[in-house]
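[1] Got a sequence here, can you model it:
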Amino acid sequence: MSIDSYGIHIGFLYFRFYGMIIMAGALIAALIARRLIKETGKDPELVWDALIWILVLGAIGARLWHVFTPSKSMIEAGITTSYYLTHPLEIIMTWQGGLGWPGALIGGFLGLFIFARRKKVSLGELADIGAPGVALAHAIGRWGNFINQELYGPPTDLPWGIYIRPENRMQEYSQFERFHPLFLYESLWNLANAGVLLWLWKNQRDRLKEGDIFIIYLMNYSFGRFLLEFIRLDFVPMFGINFNQMVFLATVIGGGVFLFLRHRRKQEEPA
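    Residues are numbered from 1 along each chain as shown. Prediction:
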């Protein structure tokens, strides 16, 4: 057995720290969801059954988002969507890196939708139960980016700046050594989001509609990510804009409008 900066070699097997961190986050999210679903009186085993659908379709969605929304550094290296389409086997080589959280959310939600339809249970309620754990899992998962040295902001002299090895620096910043720990900023934001969502579940869910907590999760996360995209060096340039940033802005606005209209209709219903 040997250990390097990115994982553990055991014979011909290689276990990457990034993957282990992601799986740890997913299991912790499931344990939180299992505890919350008990409070509703439903079978806690539903969580483990749903987790399979969420993980499989979430992983597919995450990879496809990476393939179809290449980042600035990928484009500069010639790894574009066209490249993947002409080298289709590389699409499944997730161990080489490349997952997009928006795609993971879309794929994971689709998996939850399919599961809810098959089991004839409320999609909104399941999404609410899962939301706090998903936020916490994302906070944990961002430390995988730290291991891979792939999510950092502009150069900085601040004491919490992180050292980035020369081979992991973007070409135009190769002369700098320390950078803003963007992964940490997002991890802390997700941790705070998890706390807010748990508070809402414990104290406000009787006043909310099914699915509201999940929508609030999306809005909170997207707002933080929208702000952090301003200092993200390796963004997704598409149509002349930071594509991911605009997606997150649209999510905040769309979620807010949806919640407003949803609860406005409730207030206007005759007593």
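
[2] ok, how many other residues are close to residue 232?
    For residue 232, the neighbour count with other Cβ atoms under 10 Å is 21. Using the backbone N, CA and C atoms, a C-beta is placed for each residue, glycine as well.

[3] again, but for residue 150
    18.

[4] quick one: the helices in the stretch 101-250 of the chain?
    All helices of the stretch 101-250 of the chain, identified by DSSP state H, counting those that start in this stretch, fall at 101-119, 123-148, 182-203, 212-228, 243-268.

[5] Among those, which comes closest to residue 80?
    The closest of these to residue 80 is helix 243-268. By Cβ to Cβ, the value is 13.7 Å.

[6] what angle separates that closest one from helix 212-228?
    Helix 243-268 runs at 150 degrees relative to helix 212-228, counting by axes from the mean of the first three to the mean of the last three Cα atoms, to 10 degrees.

[7] What separation is there between residue 252 and residue 245?
    Here the criterion is Cβ to Cβ, to the nearest Å. By it, residue 252 lies 11 Å from residue 245.

[8] just residue 134 next, same as before
    For residue 134, the distance to residue 245 - Cβ to Cβ - is 21 Å.

[9] Just give me the residue right at the centre of the chain.
    Closest residue to the average C-alpha location of the chain: residue 101 at 3.7 Å, with Cα atoms, centre = their mean.

[10] Tell me which residues touch residue 1, please.
    8-10 (Cβ atoms under 8 Å, 6 or more residues apart in numbering).

[11] of all those, which comes closest to residue 16?
    Nearest to residue 16 among those, with distances taken as Cβ to Cβ, is residue 8, at 8.3 Å.

[12] Look up the residues forming beta bridges with that closest one.
    residue 3, residue 15 (DSSP bridges).

[13] show me the contacts for it.
    1-2, 14-15, 17.

[14] Mind checking which of those are buried?
    Buried residues within those, counting neighbours by 16 or more other Cβ atoms under 10 Å: residue 17.

[15] need the contacts of residue 8 in CSV with distance to residue 213, can you?
    Shown next, in CSV, are the contacts of residue 8 (distance: Cβ to Cβ, whole Å):
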residue, distance to residue 213
1, 43
2, 44
14, 38
15, 34
17, 31
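
[16] residues in contact with residue 169?
    The contact partners of residue 169, taken as Cβ under 8 Å, 6+ apart, are residue 176.

[17] distance of it from residue 116?
    From residue 169 over to residue 116 the distance is 44 Å, taken as Cβ to Cβ.

[18] try residue 15
    From residue 15 to residue 116 the distance is 33 Å (Cβ to Cβ).

[19] Tell me how many other residues crowd the closest residue to residue 251 other than its chain neighbours.
    Using Cβ to Cβ, 6 or more residues apart in numbering and skipping the chain neighbours, the partner closest in space to residue 251 is residue 222 (4.0 Å). Counted by other Cβ under 10 Å, the residues lying close to residue 222 total 23.

[20] ok, now how distant is residue 222 from residue 189?
    11 Å.

[21] from memory the residue nearest to residue 251 sits against residue 245, does it?
    No: counting by Cβ atoms under 8 Å, residue 222 sits too far from residue 245 to count as a contact (9.8 Å).

[22] Doesn't residue 5 lie inside a helix?
    No: using DSSP: H, G, I helix; E, B strand; the rest coil, the assignment for residue 5 is coil, not a helix.

[23] wait, what's in contact with it?
    residue 147.

[24] again, only this time at 6 Å
    Applying Cβ atoms under 6 Å, 6 or more residues apart in numbering to residue 5 gives no contacts.
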